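Student: using only what follows, build the 3D model:
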Amino acid sequence: MKLGFITSILDGWSYEEMMDVAADMGFSCVEVACWPAGKAERRYAGVSHIDVDRVLCDDVYCGHILDYSAKKGVEISALAYYPNTLDGNLERREANIAHLKKVIRASEKLNVHLVTTFIGRDQNKTQEENLKLVEQVWPDIIQLAEKCGTRIAIENCPMLFGPDQWPGGQNLMCTPAMWKEVFNRLPSDYLGLNYDPSHFVWQMMDYIAPLYDFRDKIFHVHFKDIKLLQNRLNQVGILAYPLDYMSPKIPGLGDVDWGRYVSALTDIGYDGFACIEVEDRAFEGSRQKVLNSLALSKQYMRQFVI
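Tutor: Reported below is the predicted structural model:
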């Protein structure tokens, strides 16, 4: 496997500075954040280390992105953009879809051929209603991905944290049952998963068995940890806002059994990109703390991934 990180944690770093960090720390790859310009709607969104609009129209800039990656010996695992393409606000939905299509085309031009994202969800509609939305919205996106030879890896985060995403969350593809539903409706070799075990921990689900069941659909994986706060859960129950009873952590400081997880990945023959995702509030507040979070995460995961 190739160990890297998703670059959204390096908000305020330039592309070159981000690549310097990855190279200096000995990472093999980076999942590069590619959000559009403008105010972010949530934490860890709105970060952009590659301007996809510029990639599509400026060959010199595109060449620089590739040349600097090669110079530093750090591969781009995927272009990352995690919007809600099924947003109940139609203006936001259309803008999100339009930018996702740019990211797909830019991924082709950069010869990356992988985009990490969400399927989306209208948080005020039922699962059945959202599946119908998927059938309306996503065939056109998949058709573009197939034309560009670019695979799309959907992360399994429910995107349900607090009142802003209540009640249904903003990403439908967060369970194996829903993966089956969507894959049946969108049968394409270009649609798969960006597998993150931490989201199953706080949903109190098995995060090992689905690796075997969906081995052919795993295009990319995340290394992020979650600490389930049992004392808080005992007080608020599972119907509370998830952040009331769980806390994102860097790998090794939460409840994921990383030995079992990586063992299962090796069982299924996965040897692709594995990117650390840092969303641990204990490592916020300064650039040095952010760098420490990456260094500690890498040091811990190196016992499993060389």
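Student: compute the first-to-last residue distance for stretch 82-97.
Tutor: End-to-end span of stretch 82-97 (Cα to Cα, to the nearest Å): 11 Å.
Student: mind listing what's buried in that stretch?
Tutor: Within stretch 82-97, the residues that qualify as buried by neighbour count (16 or more other Cβ atoms under 10 Å) are 82-87, 93, 96-97. Where you see a C-beta, it was placed from the backbone N, CA and C, and this is true even at glycine.
Student: return the member of the residues you listed nearest to Glu16.
Tutor: Looking at the buried residues of stretch 82-97 and their distance to Glu16, the nearest is Tyr82, at 23.4 Å (Cβ to Cβ).
Student: now stretch 37-54, how far from the centre of its chain.
Tutor: Here stretch 37-54 shows a centroid-to-chain-centroid distance of 14 Å under the convention Cα atoms, centre = their mean, to the nearest Å.
Student: dump it to CSV, restricted to CA.
Tutor: In CSV, the C-alpha atoms belonging to stretch 37-54 read as follows (Å, rounded to 0.1, in the frame of the first residue of the first chain):
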residue,chain,number,x,y,z
ALA,A,37,-13.2,29.2,-4.3
GLY,A,38,-15.5,30.6,-1.7
LYS,A,39,-16.6,30.3,1.9
ALA,A,40,-16.7,26.7,3.2
GLU,A,41,-20.0,25.4,4.6
ARG,A,42,-18.3,23.1,7.1
ARG,A,43,-15.0,22.2,8.8
TYR,A,44,-12.3,20.7,6.5
ALA,A,45,-14.2,21.9,3.4
GLY,A,46,-13.3,24.8,1.2
VAL,A,47,-9.6,23.8,1.0
SER,A,48,-8.0,23.7,-2.5
HIS,A,49,-4.5,22.8,-3.3
ILE,A,50,-5.2,22.3,-7.0
ASP,A,51,-7.3,24.8,-8.9
VAL,A,52,-9.2,22.5,-11.3
ASP,A,53,-10.6,25.4,-13.4
ARG,A,54,-7.0,26.4,-14.1
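Student: which SSE is immediately downstream of the host helix or strand of Arg105?
Tutor: Assignment of secondary structure by DSSP states H and E places Arg105 within helix 90-109. Taking DSSP H and E as the definition, the helix or strand that follows helix 90-109 towards the C-terminus is strand 114-117.
Student: related to what we said a few turns ago, list the helices and strands the helix holding Arg105 packs on?
Tutor: In terms of contact count using 3 or more Cβ pairs under 8 Å, 6 or more residues apart in numbering; DSSP states H and E, helix 90-109 is assigned the packing partners helix 52-57, strand 75-80, strand 114-117, helix 127-148.
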